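> Quick one, structure for this:
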Amino acid sequence: MSLLTIQNSFQRIVLDDDCADASWVNQAAQRLPSKDRLAIYHNAYRVRLIDVLRDTFGHTVTYLGDEWFNQLAASYVQSHTSVYNNIGLYGEGFPPYLAEQLADDLDVAELATLDWILRRAFDGADSTVMTLEHLQQVASGDPETGSLHAVPTLSIITHQFNTLDIWHAIDQDGTPPTVEPLQQPVDVLIWRKGHSPHFRSLSPIESEAIGYVRAGETLNDIGAKLMENFPDEDVSTQFGHMLLRWINDEILAIPSFLEPTTD
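Reported below is the predicted structural model:
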């Protein structure tokens, strides 16, 4: 048999639901039968990927309990072949999978999504964060072209349930509160500050403002659109407070024209 044929056969054996035997495995005395030896790899593949999911979705593990989580993780592993060179990326489809499997308990998928994006923020791309001096340079430039840029680790997700309260209770080794739907959906900002992932809920006006930042809108356009969409708010004051908080939270990256040059 060619090496490629053996490799393809071995891959099929590892990925199939049930472990099969193979004629190309040497049958040697004083050793386990060939099928039992192949079963070691068949099982190890699943155990390793379940361990990856348990590590990535730690709060979800605690929330569901080991037995229930492991059952869902094993089902996911069997139906979702690993295609990643970086094994840390394997769980990308796990939150949507939980939403499908637990359609009556969507708080679980929300919690898993929070776990996932916090982990991705931790190992996301680096950037040079904007300071107040940088902001003043942008603001004092051409108002028609001056725009802000979010750091690459920034994400916004929307929660329908009291998932943040559940996450905090688990994080503090407490008892999670009873799941409850929120009166209004809440957007949650996730990013990395320094070396640590952070998250916090957003007001509607701040969520919209950050959306404009991510879309590349200019400072003038952001202010004008916020005034149009929030006529009862003191937009000038609120936008000023937002900018300062964004600087302190390190969610803004400096634009390319402010990047230091090297000769």
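> Got phi/psi on Val129?
Taking degrees, to the nearest 10, you get phi -80, psi 150 for the backbone angles of Val129.
> My error: substitute Val83 in the last question.
According to degrees, to the nearest 10, Val83 has phi -120, psi 20.
> and the helix or strand harbouring Met227, how far out from the chain's middle?
Under the criterion of DSSP states H and E, Met227 resides in helix 219-229. Mean-position distance between helix 219-229 and its chain equals 29 Å (Cα atoms, centre = their mean, to the nearest Å).
> buried sites along it?
Residues of helix 219-229 classed as buried: 219, 222-223, 225-226 (neighbour count, 16 or more other Cβ atoms under 10 Å). C-betas here are computed from N, CA, C, even on glycine.
> what's downstream of it, the next helix or strand?
helix 235-249.
> next structured bit after that next one?
Assigned by DSSP H and E, the successor of helix 235-249 is strand 252-253.
> list the helices and strands that next one packs on?
Contact here means 3 or more Cβ pairs under 8 Å, 6 or more residues apart in numbering; DSSP states H and E; on that basis strand 252-253 packs against strand 149-150.
> Could I get the full set of helices for the stretch 51-200 of the chain?
Ranges of helices in the stretch 51-200 of the chain, per DSSP state H, counting those that start in this stretch, are 58-64, 66-79, 94-101, 106-122, 132-140, 163-171.
> tell me which residues in the last one are buried?
Along helix 163-171, the positions that meet the burial threshold by neighbour count (16+ other Cβ under 10 Å) are 163-164, 166-167, 169-170.
> Nearest to Phe230 among the residues you listed?
Of all those, Leu164 has the smallest distance to Phe230: 23.7 Å, by Cβ to Cβ.
> Quick check: that closest one touching Val188?
Yes: contact status for Leu164 versus Val188: in contact at 6.8 Å, counting by Cβ atoms under 8 Å.
> which neighbours do the two share?
114, 199, 201 (Cβ atoms under 8 Å, 6 or more residues apart in numbering).
> Ranking by neighbours, what's the top pick from those?
Within these, Leu114 tops the neighbour count with 23 neighbours, counted by other Cβ atoms under 10 Å.
> quick one: contacts for the residue nearest to that one when sequence neighbours are not counted?
Computed as Cβ to Cβ, 6 or more residues apart in numbering, the closest residue to Leu114 that is not its neighbour in sequence is Trp167, at 5.8 Å. Trp167 makes contact with 59, 111, 114, according to Cβ under 8 Å, 6+ apart.
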